[in-house]
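[1] Build the 3D model from these lines:
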Amino acid sequence: MRADEQPGRRTGRRHPPRRRSDRIEVLTTWMFCGLAAAVLVVAAAVGTWVHGGASDTVRQGAAHLTQTSATTLSDVSAAPRDGALAHVYGGVRWTDSRGAVHTGYTQVPALTKEGRTVTIWTDRDGDVVASPPGPAFPAIMTAVSVLGMLGAGAAVLALVVWAERRWLDRLRAAEWAAEWRRVEPGWTGREGSGRR
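    Presented below is the predicted three-dimensional model:
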């Protein structure tokens, strides 16, 4: 007797699911796998775009801003917070690259005394500006954007899967009820009895 003639042996052929709900579940499972792959691709693309933009920001900051020494004009008496020295605003005086003297307000460490030298950032006009983002800025922005995209994609995918499962459960219940109405009379011996 050949292997394919033996009863109970599988022939290797796959049979499609019989119920409509099973066929729909197979189709939606493949769709969800495709959606998950699309979320990964979109997250990678967004991460690449954000990293490029953040790197450009760092490069522009390095090209257009200058680190300058400034002198504090008064004592900064703000108290440190949580054991660490906080930055507060204080008056400073600095000289730009053309020799012009400027005064203004910028962030300085708390408890800085008058006449101390602090480092500030200035633009091409010699005006004080906020410090540019550091070298870690592109990596941080990339991580935040990728994690945000993955989180949003996972939330949407989870919501869609949840809705699909609820709909499939209702469909299966209706299919099982219809099958039971079809086979129940034969099981209970009521078939042909005229009772319903």
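
[2] looking at this, V118 is in a helix?
    No. Counting by DSSP: H, G, I helix; E, B strand; the rest coil, V118 falls outside a helix, being strand.

[3] roughly how far apart are the closest residue to it other than its chain neighbours and V26?
    The shortest distance from V118 to any residue other than its chain neighbours is 5.1 Å, reached at V108 (C-beta to C-beta, 6 or more residues apart in numbering). (Glycine included, C-beta is placed from N, CA and C.) Distance of V108 to V26, computed by C-beta to C-beta, to the nearest Å: 65 Å.

[4] more crowded one of these two?
    Counting neighbours by other C-beta atoms under 10 Å for V108 and for V26 shows that V108 has the greater number, 22 against 12.

[5] Off-centre distance for the helix or strand that contains the more buried one?
    When secondary structure is defined by DSSP states H and E, V108 falls within strand 101-109. Mean-position distance between strand 101-109 and its chain equals 38 Å (C-alpha atoms, centre = their mean, to the nearest Å).

[6] quick revisit: my guess is the residue nearest to V118 contacts Y89, does it?
    Yes. The pair V108 / Y89 is scored as a contact, 7.3 Å apart, by C-beta atoms under 8 Å.

[7] okay, now the domains of the protein?
    Under the assignment automatic domain parsing, the domains of the chain span 19-59+137-188, 66-129.

[8] And the helices in the chain?
    Taking DSSP state H to define them, one finds helices in the chain at 20-64, 137-188.

[9] so can I have JSON lines of those helices showing mean pLDDT and distance to T122?
    Supplementary listing: these in JSON lines, determined by pLDDT from 0 to 100; distance: least, C-beta to C-beta, whole Å:
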{"stretch": "helix 20-64", "mean pLDDT": "91", "distance to T122": "10"}
{"stretch": "helix 137-188", "mean pLDDT": "91", "distance to T122": "20"}
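
[10] The ones you listed: which one's closest to S131?
    When those are ranked by distance to S131, counting by C-beta to C-beta, first place goes to helix 20-64 at 8.4 Å.

[11] so who does the most centrally placed residue in the chain touch?
    The C-alpha lying nearest the average C-alpha coordinate of the chain belongs to G148 (C-alpha atoms, centre = their mean; 1.6 Å). For G148, no residue meets the contact criterion (C-beta atoms under 8 Å, 6 or more residues apart in numbering).
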